[in-house]
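Asks: kindly generate the corresponding structure for this input.
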Amino acid sequence: MPPTFAMGCVMSVNHQNFIEATSAKELQNFFYSTIFILFFLHLLTLNQASNYEIFNSINAMSSLIPQWLQAVVNDFGNGITLGAIIVCYLVKRPEMMCRVLFAAVLSLICVPLLKQYFDAPRPPQVLEYLNIVGEARYKHSFPSGHTATAFLFAGLISMFDLRAKVKVTLLILAACVGGSRILIGAHWPADVVMGAIIGLSCAYVATKFCPLITLTFRKKLLAYLLLISALIISEMKSGYDFPTIPLVQYVRWGLLLFSVIAVVIFIYREFSAGIDEKFVSIGMKLNKSNQ
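Replies: Numbers count the residues shown, from 1 in each chain. Below you'll find the model as predicted:
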């Protein structure tokens, strides 16, 4: 092996190790700094009086914001609505499949267990006067599942994409989902903050222990079809959280349809690429035979 080639290989390996070490450090810095802020907010909501005061301050703004807007933003924390967006994202980034599924399973285990264990009353059960948008719920308040779902997805992408503007934008959008849960009278601030902590923690664990993977066409297609089937079945079985605001359902159904279209486009592109490769291969064989 020539010395220059060997030196180039060593430099390439060292550069790759440097990039991986830098990415791991940025991942830790992002997670710990965000979790620190969330735990600080959690400390503010531990006191019942301050928790109520923060809730009343935010919930009072509900009358200033159109109900349809609150409901639509809130629904982006719903597992079906956000699940449709996740399918579209996985069509673009199939290497994230393992991380997304692992984080989702962690969240589906942690959130219901905590809800059942604490069985905390929701605001409508405690307060006499508050703004409520949609169906009123009374039990299993802590933590907020919608907020956990929103921060899980925002965390997964933020820990994969190193651009600061992407991280900030996603965290703001996830925070809007959490804030909407207070606006519509569904959760206390303490529920929302803990939901954010759980969602972000699940994303961090999945990113830390699940590598990016390479899937074959068949495995990708099977995963997409299973995910879409699960979302459609869940939608058929679930009720309407906002029966008087049909726009919420229209947006959800539109996203589900968009996810199906994304998978169809994926299938079309894969088949087109396969046909092109076959034609190129046939052309090369014909050229060789003519020679």
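Asks: which residue is the nearest non-sequential neighbour of Val111?
Replies: With sequence-adjacent residues excluded and distances taken as Cβ to Cβ, 6 or more residues apart in numbering, Val111 is closest to Gly145, at 4.9 Å. Where you see a C-beta, it was placed from the backbone N, CA and C, and this is true even at glycine.
Asks: same question for Ser50.
Replies: Nearest one to Ser50, counting by Cβ to Cβ, 6+ apart, is Leu44 at 5.9 Å.
Asks: can you give me the helices for the stretch 51-200 of the chain?
Replies: For the stretch 51-200 of the chain, the helices defined by DSSP state H, counting those that start in this stretch cover 67-75, 79-92, 97-118, 123-126, 145-160, 164-183, 189-209.
Asks: adding distance to Glu53 as columns, could you present these in CSV?
Replies: Output for the helices of the stretch 51-200 of the chain, formatted as CSV (distance: least, Cβ to Cβ, whole Å):
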stretch, distance to Glu53
helix 67-75, 21
helix 79-92, 30
helix 97-118, 21
helix 123-126, 13
helix 145-160, 20
helix 164-183, 12
helix 189-209, 9
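Asks: residues near the residue nearest to Val111, how many?
Replies: 24 (other Cβ atoms under 10 Å).
Asks: the nearest residue to Val192 once chain neighbours are set aside: neighbour count?
Replies: Closest residue to Val192 apart from its sequence neighbours, by Cβ to Cβ, 6+ apart: Gly178 at 4.1 Å. Gly178 has 25 neighbours, counted by other Cβ under 10 Å.
Asks: do you know the pLDDT at Gly178?
Replies: If you check Gly178, the pLDDT there is 97.
Asks: coming back round to it: OK, contacts around the residue nearest to Ser50?
Replies: Counting by Cβ atoms under 8 Å, 6 or more residues apart in numbering, Leu44 makes contact with Ser50, Ile54, Pro189.
Asks: what's the answer for Phe55, then?
Replies: Remark: with contacts taken as Cβ under 8 Å, 6+ apart, Phe55 is in contact with Pro123, Ile182, Trp188, Pro189.
Asks: for the residues you listed, which one is nearest Trp253?
Replies: Ile182 (26.5 Å; Cβ to Cβ).
Asks: look up how far Ser144 lies from that closest one.
Replies: For Ile182, the distance to Ser144 equals 9 Å [Cβ to Cβ, to the nearest Å].
Asks: give me the common contacts of these two.
Replies: Common contacts of Ile182 and Ser144, defined by Cβ under 8 Å, 6+ apart, comprise Val192.
Asks: the two: who's more crowded?
Replies: More crowded of Ile182 and Ser144, by other Cβ under 10 Å: Ser144, with 30 against 26.
Asks: where does the stretch 1-150 of the chain have low pLDDT?
Replies: 1-23 (pLDDT under 70).
Asks: do that again at 80, thanks
Replies: Residue ranges of the stretch 1-150 of the chain with pLDDT under 80: 1-25.
Asks: need phi/psi at Arg137.
Replies: Dihedral angles of Arg137 (phi, psi; degrees, to the nearest 10) stand at phi -120, psi 150.
Asks: contacts only, for the closest residue in space to it that isn't next to it in sequence.
Replies: Leaving aside its sequence neighbours, Arg137 sits nearest to Arg122 (Cβ to Cβ, 6+ apart; 5.4 Å). Arg122 makes contacts with Arg137, Tyr138, Lys139, His140, Ser141, Gly185, Ala186, His187, Trp188, as judged by Cβ under 8 Å, 6+ apart.
Asks: roughly how far does the closest residue to the second one other than its chain neighbours sit from Lys139?
Replies: Right, Tyr138. Nearest residue to Tyr138, sequence neighbours excluded (Cβ to Cβ, 6+ apart): Gln125, at 4.2 Å. Applying Cβ to Cβ, the value for Gln125 to Lys139 is 7 Å.
Asks: follow-up on the earlier one: tally up the residues packed near the residue nearest to Tyr138, please.
Replies: 12.
Asks: check Thr216 too.
Replies: If you count neighbours by other Cβ under 10 Å, Thr216 ends up with 8.
Asks: and if you look at Val72?
Replies: Neighbour tally, Val72, other Cβ under 10 Å: 19.
Asks: ok, the residue nearest to Val111 - contacts?
Replies: Gly145 touches Gly77, Gly79, Val111, Pro112, Lys115, Gly195, counting by Cβ under 8 Å, 6+ apart.
Asks: can you say which of those residues are buried?
Replies: Neighbour counting by 16 or more other Cβ atoms under 10 Å classes Gly77, Gly79, Val111, Lys115, Gly195 among the contacts of Gly145 as buried.
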